[in-house]
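1. my questions are about this predicted structure, shown below with the sequence.
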Amino acid sequence: MNILIADDHVLVLEAVQMKLRGLAATVDFICVSDAAGLAAADCAALDLAVVDLGMPGTVGCNHILALRGRFPALPIIVLSACEDAAVVRRLLDAGVRGFISKTDSSDIMLAAVQLVLSGGIYVPPLILWSDQAPGAAPAAQGGAGLPDLTQRQIDVLRLLVRGHSNKVIARQLDIGEGTVKVHVAAIFRALGARNRTEAVASARHLIPVLD
């Protein structure tokens, strides 16, 4: 597996490499620290690019959009301390496959990367919350079927409805707590919920299906 990491902080580069080495038996990294290095990088054979939003020589998210334009099939994840929902939404709309906050744990980062590598899109919680107006009700789900969730997300939802914490869900499903958080974020988006209470309320009509 070949992964590009673009960040101007050496500690971030080393920490991300260390965590992502567990993705495959062999993981090779290309590391760059500025916009010029990113523009010159040979990305044709890459499986993934993890790119910082703000690096020397960059202007806004133009370096990410340029990378997306040069290699449209390359899955790109943005790693940033930015919490501007409009910026995140613009990147996702442009085809970026995920946005990971630098305030997230390394387990969440790894779970988000695994989701993207399996063909999914990681949408951070800040987008889920900003998409709802204050006091807005969860989006209604019509019909008796389940929303567009994977089988694992259905398993997580079943345990959410029963009131279990992320820690308990992780233990029962034998997965990492960071992975649970990624699945919960996907569930919130599918149900139009901002939090666990709204997700459970929105899923009440699905309880016979879930049970």
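-> All right, it came through fine.
2. chain center to stretch 99-113, what's the gap?
-> Computed by CA atoms, centre = their mean, to the nearest Å, the separation of stretch 99-113 from the middle of its chain amounts to 7 Å.
3. can you tell me how far the residue most central in space within the chain sits from Val161?
-> Nearest residue to the geometric centre of the chain (CA atoms, centre = their mean): Tyr122, 2.5 Å. Distance, Tyr122 to Val161, by CB to CB, to the nearest Å: 23 Å. For the C-beta atoms, the positions are set from N, CA and C on the backbone; glycine is no exception.
4. and what of Leu74?
-> Using CB to CB, we find Leu74 at a distance of 38 Å from Val161.
5. what is the mean pLDDT for the helix or strand containing Lys19?
-> Counting by DSSP states H and E, the element that carries Lys19 is helix 10-20. Helix 10-20 comes out with an average pLDDT of 94.
6. elements contacting it?
-> Helices and strands touching helix 10-20, by 3 or more CB pairs under 8 Å, 6 or more residues apart in numbering; DSSP states H and E, are strand 2-6, strand 28-32, strand 48-52, helix 106-117.
7. care to break the chain down by domain?
-> Per the record, the chain has its domains at 2-129, 133-210, by automatic domain parsing.
8. please enumerate the helices of the protein.
-> For the chain, applying DSSP state H gives helices covering 10-20, 35-40, 62-70, 85-93, 106-117, 125-130, 151-161, 166-173, 177-191, 196-202, 207-210.
9. pick the most deeply packed of these.
-> Ranked by mean neighbour count, these are led by helix 177-191 with a mean of 23 (mean count of other CB atoms under 10 Å).
10. pLDDT weak spots in the chain?
-> Flagging of the chain using pLDDT under 70 yields the residue ranges 126-147, 204-211.
11. let me have the helices and strands packed on helix 10-20 in TSV, extended by distance to Gly69.
-> Below are the helices and strands packed on helix 10-20 laid out as TSV (distance: least, CB to CB, whole Å):
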stretch	distance to Gly69
strand 2-6	16
strand 28-32	17
strand 48-52	13
helix 106-117	19
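12. right, so of these, which gets closest to Leu157?
-> Leu157 lies closest to helix 106-117 among the helices and strands packed on helix 10-20, at 16.1 Å (CB to CB).
13. now do the same contact list for Val87.
-> By CB atoms under 8 Å, 6 or more residues apart in numbering, Val87 lies in contact with 53, 61.
14. for Leu65, see how far away it is.
-> Per CB to CB, Val87 is found 12 Å from Leu65.
15. ok, now Ala6?
-> Counting by CB to CB - Ala6 and Leu65 are separated by 14 Å.
16. can you check Val168 too?
-> Val168 is 41 Å from Leu65, by CB to CB.
17. do the same with Ile121
-> For Ile121, the distance to Leu65 - CB to CB - is 17 Å.
18. now do Ala203
-> Remark: distance between Ala203 and Leu65 (CB to CB) = 37 Å.
19. again, but for Gly37
-> Counting by CB to CB, the separation of Gly37 from Leu65 is 17 Å.
20. surely Val27 is in contact with Ile3?
-> Yes. Val27 is in contact with Ile3 according to CB atoms under 8 Å; the separation is 6.2 Å.
21. what touches both of those two?
-> Contact criterion CB under 8 Å, 6+ apart; residues shared by Val27 and Ile3: Leu20.
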